[in-house]
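Engineer: Pasting the sequence and the predicted coordinates here, then a few questions.
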Amino acid sequence: MSKASEKDLQAAIWGGVVRARTEQSDAASVVAGMRVWCTSGVGLCIVGLSLWIACALFPAPATAAPTGAVGVAPTLHARSAAILDMRDGRVLWSENGHLRLPMASTTKLMTALVSLRLEHDQMNTPMIVPPQVKQAYGELLYLRPGDEYTYLQLFEGMLLPSANDAAIAIAVDSAGGLSRFVSLMNQAAVAYGLTDTHYANPDGLNAPNHYSSADDLARLGWVAMHNPVIRSVVAKTSATIAWPRHGTRLIGNINALLTQYPGADGVKTGYTSEAMNVIVGSAQRNGQSVIAVLMGEPANTFWTDEAHLLDYGIGLAAARGPVPTVAPPSAAGALVAADGSGAVTPRLTGTVAPASFSVAADRTQRPRTGGSQAVINATLIRGGTASPARIPARGGSVTGGVWAAAARLARIAGVVVGACLAVVGLLVWRRSGREHELRLVGISGAGSRNRHRRVRAF
């Protein structure tokens, strides 16, 4: 072999070795890059799935229906409805819960609460029927001005047969006049956090600017059933009261729920042609106690729908598991002098959920400082520790509910972002595998006989 041929052979061999080493180095680099991209894709998948699972399985604190509730909400014929857990006063479910509607004689629950606040130690004291009872109509005890009854007898007459003249007699005797008493009712509504309620009379007859909502009636029922006098009276199916010039008489409770629904213990029904049938019903069963409200219900489905709503409410309450008992707010600091003078200062006393609380400011309240905001004085109890709070709020606004809405929005955003990260990670992983595989095929095909062999990292 000539020297020229020998040199050509050596050069060819050396070039092949260099080319092989270069291809081997390029392949190792591609495989390493492929592993980095695939690992990044898998990491994104894991982070995305973890975020999605965390947000989906661990919900934000709720202010309405609880998680884990069983059963299907009943089909109702009412214009609005609500269910409340008696343990902590939380509305578990509602339909048109903030719709303002006439509430008929369920008004008398507020009449009872305000009168008890003013006459709490006068239950057996004789009361003289005032002349204003002559303007009463509808359900009546047919009271005569000047007749004598005890406060308890008129109280039973107001809540059991729903006598309008008894409600007027109690209001006039308690506050010295109907307008003054109605003013106190509206002040108490603010103190109890009834943001969709306004009163024009103590008996519930149709009147302009006299309305409430299902959520507010549920809350009012919760407050009322924590009063031992009201709770005792509304659970009675009948009572015996005085009947001047005739001895005594028996009055019956028109709340048929007490005899038709096992465990029913209250609270109040109502009816006018405008309001239709209204009920604030209460029942205890299987260790649960709930309030179920119907407003604007037709007569032919009234009791059946209320029974179904109570069944559903008891199931919702049971699904929540153990819940700390919360005392309802008190109107003690909110009621002013009987003549209606003085500033209104709403107060909320009781346990408030750490994640969300709502305090209503009176729409007519003026700030003490002359600024644009009112101040709500509240007592917040968390972990057994009570602390005073001064909450600024514009008239008619609700403070605190925004935090629950923000928490729900964050949860939804977390689910969406988590799902997107998981999808992006999967696409990166698959795409990186395909791209690096094609590059390895190209390298192996450039300098070896295994032109069609593919190399994969995993």
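Structural biologist: Received, thanks.

Engineer: Could you list the domains of the chain?
Structural biologist: The domain map for the chain lists 3-59+408-447, 80-320, 347-398, with the assignment taken from automatic domain parsing.

Engineer: Number of residues surrounding residue 200?
Structural biologist: Residues lying near residue 200 (other CB atoms under 10 Å) number 17. Yep, even glycine has a C-beta here, placed from its N, CA and C like the rest.

Engineer: Surely it and residue 181 touch.
Structural biologist: No. Using CB atoms under 8 Å, residue 200 makes no contact with residue 181, being 11.5 Å away.

Engineer: and residue 141, helix, strand or coil?
Structural biologist: Following DSSP: H, G, I helix; E, B strand; the rest coil, residue 141 is assigned to coil.

Engineer: Begin at 56 from now on, thanks
Structural biologist: Sure thing, new numbering starts at 56, so read that last one as residue 196.

Engineer: ok, now which ones touch it?
Structural biologist: The contact partners of residue 196, taken as CB atoms under 8 Å, 6 or more residues apart in numbering, are 209, 212, 216, 218, 220, 221, 306.

Engineer: Mind telling me the two of those farthest from one another?
Structural biologist: Largest separation among the contacts of residue 196 by CB to CB: 220 and 306, giving 12.7 Å.

Engineer: Neighbour count: these two, which is higher?
Structural biologist: Per other CB under 10 Å, whichever of residue 220 and residue 306 has more neighbours is residue 220, with 25 against 20.

Engineer: which residue packs closest to that one, ignoring adjacent ones?
Structural biologist: If you skip the residues right next to it in sequence, residue 220 has residue 191 as its closest partner in space, 3.8 Å away by CB to CB, 6 or more residues apart in numbering.

Engineer: Phi and psi next, for that neighbour.
Structural biologist: phi -80, psi 150 (degrees, to the nearest 10).

Engineer: Was I right to think it contacts residue 223?
Structural biologist: Yes. Counting by CB under 8 Å, residue 191 does reach residue 223; the two are 5.1 Å apart.

Engineer: higher neighbour count, the two?
Structural biologist: Neighbour totals were compared for residue 191 and residue 223, and residue 223 leads with 26 against 20 (other CB under 10 Å).

Engineer: Contacts only, for that one.
Structural biologist: With CB under 8 Å, 6+ apart, residue 223 has these contacts: 185, 187, 188, 190, 191, 233, 257, 258.

Engineer: Helix or strand with the lowest mean pLDDT in this structure?
Structural biologist: Across the helices and strands of the chain, mean confidence by mean pLDDT, DSSP states H and E is lowest for strand 402-406: a mean of 34.

Engineer: what's the neighbour count on residue 150?
Structural biologist: Residue 150, neighbours per other CB under 10 Å, totals 16.

Engineer: In three-state terms, label the closest residue to it other than its chain neighbours for me.
Structural biologist: In space, and not counting its chain neighbours, residue 150 is closest to residue 136: 4.9 Å by CB to CB, 6+ apart. With three-state DSSP as the basis, residue 136 sits in strand.

Engineer: And residue 136, how close does it get to residue 335?
Structural biologist: 11 Å (CB to CB, to the nearest Å).

Engineer: Report the set of residues contacting both of the two.
Structural biologist: Here residue 136 and residue 335 have residue 348 as joint contacts, going by CB under 8 Å, 6+ apart.

Engineer: May I have the phi/psi pair for residue 322?
Structural biologist: Dihedral pair for residue 322: phi -120, psi -60, per degrees, to the nearest 10.

Engineer: what is it paired to in the beta sheet?
Structural biologist: Assessed by DSSP bridges, residue 322 has beta-bridge partners residue 336.

Engineer: The contacts of residue 196 in helices, which ones?
Structural biologist: 209, 212, 220, 221 (DSSP state H).

Engineer: what about the strands in the chain?
Structural biologist: 135-140, 145-150, 181-183, 203-205, 293-298, 302-307, 319-327, 331-340, 343-352, 402-406, 414-415, 429-437, 440-448, 453-454 (DSSP state E).

Engineer: ok, and for the fourth one, which residues are buried?
Structural biologist: Looking back up the chat, that one is strand 203-205. 204, 205 (16 or more other CB atoms under 10 Å).

Engineer: now stretch 245-263
Structural biologist: 245-260, 262.

Engineer: Same check on stretch 228-245?
Structural biologist: Buried residues in stretch 228-245, defined by neighbour count with 16+ other CB under 10 Å: 228-230, 232-233, 235-245.

Engineer: Among those residues, find me the one that's closest to residue 367.
Structural biologist: Closest approach to residue 367 among the buried residues of stretch 228-245 (CB to CB): residue 244, at 27.4 Å.

Engineer: Enumerate every residue touching that closest one.
Structural biologist: Applying CB under 8 Å, 6+ apart, we find residue 244 in contact with 165, 252, 253, 254, 271.
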